[in-house]
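A.B. asks: got a predicted structure here, sequence first:
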Amino acid sequence: MTENGEVQQIALSADMTSSRSGTFYFAFGSNLSPKQMSLRLTSGSRSSKPVAIARLDGYVWIICSRGYANVVALPASNQAKYENTVWGVVYNLSAEDEARLDVYEGHDNIRNPQPQINPEPSKQQEVPYLQGDWDYNKHYLPITVTKWLHDPKEYGIEVQNWLDDHTQPVSVRALVYVDEIRTQPGKVNQEYIGRMNRAIRESVQLGIPQSWIDAVMRNYIPAGIEVDHDGYVGTEKDYVEAEATETASDLKERVLRELQQKQSHGTSQ
């Protein structure tokens, strides 16, 4: 932490992902929702705009013992099936918004002030640091983009005739927040259900297969429960273990919406 009390972020190489204009981030939990991303990140930031639909092969999607989404690595397979594939939304994060997202994912220096470099050199490209006391570790994994939502050239990716064929598969590297410790299935936290249902609805509209949602996510996420009036974004300063609890540092969607409306009204005058 700096003298000003700001959280210092772990310095990583700018070329950890395939994007040349930011950091490709593969969202698989409640951040599948562009609405939630717009509330968590800098107001008006392009970081919350989805850029692609992709899948992460060789992993299974679960609700872990902490009550939130996680992906768990499986043995290599020659065929992508529901049981060994995770679908997600790709965003292109600015450095500032990546640092903000780190806090929500429990990856800031308050939780792990002296991170240890991965002792296995062959794995440092994918996992630069050991997880330690972080709640999610940063992995940099190959994903397969199946649908570009914006021109891939904006991110330094050359895809021939992408406008004519949005679904041609392209392999890129992206940031994925992975909990290496809690890898067993658990029961979903109650406050998470509404946010996940919103994430499901918005991501299916973008192109994630409904059939995969029904076969995988619905094993953990019951339908019909929506985000309440207040909603939940996270905490203003740092991640807490019991995110669903009512504490003074909780950040509610309603509060952010009202603040954004006031800011928009003031700008228009």
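C.D. replies: Here it is on my side, so go on. All values derive from a computational prediction rather than experimental measurement. Residues are numbered from 1 along each chain as shown.

A.B. asks: what are the phi and psi values at residue 93?
C.D. replies: phi -90, psi 140 (degrees, to the nearest 10).

A.B. asks: how many neighbours does it have?
C.D. replies: 23 (other Cβ atoms under 10 Å). For the C-beta atoms, the positions are set from N, CA and C on the backbone; glycine is no exception.

A.B. asks: partners of it in the sheet?
C.D. replies: residue 23 (DSSP bridges).

A.B. asks: roughly how far apart are it and residue 223?
C.D. replies: Distance of residue 93 to residue 223, given as Cβ to Cβ, to the nearest Å: 30 Å.

A.B. asks: for the chain, which spans come out with low pLDDT?
C.D. replies: 1-14, 78, 165-167, 235-250, 260, 263-269 (pLDDT under 70).

A.B. asks: show me the helices in it, by range?
C.D. replies: With DSSP state H as the criterion, the chain has helices at 34-40, 95-104, 190-206, 210-215, 253-268.

A.B. asks: as JSON lines, those helices with distance to residue 179 and mean neighbour count would be great.
C.D. replies: Listed next are these as JSON lines, based on distance: least, Cβ to Cβ, whole Å; neighbours: other Cβ atoms under 10 Å:
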{"stretch": "helix 34-40", "distance to residue 179": "18", "mean neighbour count": "21"}
{"stretch": "helix 95-104", "distance to residue 179": "14", "mean neighbour count": "19"}
{"stretch": "helix 190-206", "distance to residue 179": "14", "mean neighbour count": "19"}
{"stretch": "helix 210-215", "distance to residue 179": "21", "mean neighbour count": "14"}
{"stretch": "helix 253-268", "distance to residue 179": "24", "mean neighbour count": "12"}
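
A.B. asks: who does the longest strand along the chain pair with, and is each partner parallel or antiparallel?
C.D. replies: Among the segments of the chain that qualify as a strand by DSSP state E, the longest is strand 137-148. Strand pairing for strand 137-148, using DSSP bridges, gives strand 50-57 (antiparallel), strand 170-178 (antiparallel).

A.B. asks: deepest in the core, which of those strands is it.
C.D. replies: strand 50-57 (a mean of 23; mean count of other Cβ atoms under 10 Å).

A.B. asks: who wins for proximity to residue 217 among the strands paired with strand 137-148?
C.D. replies: strand 50-57 (13.8 Å; Cβ to Cβ).
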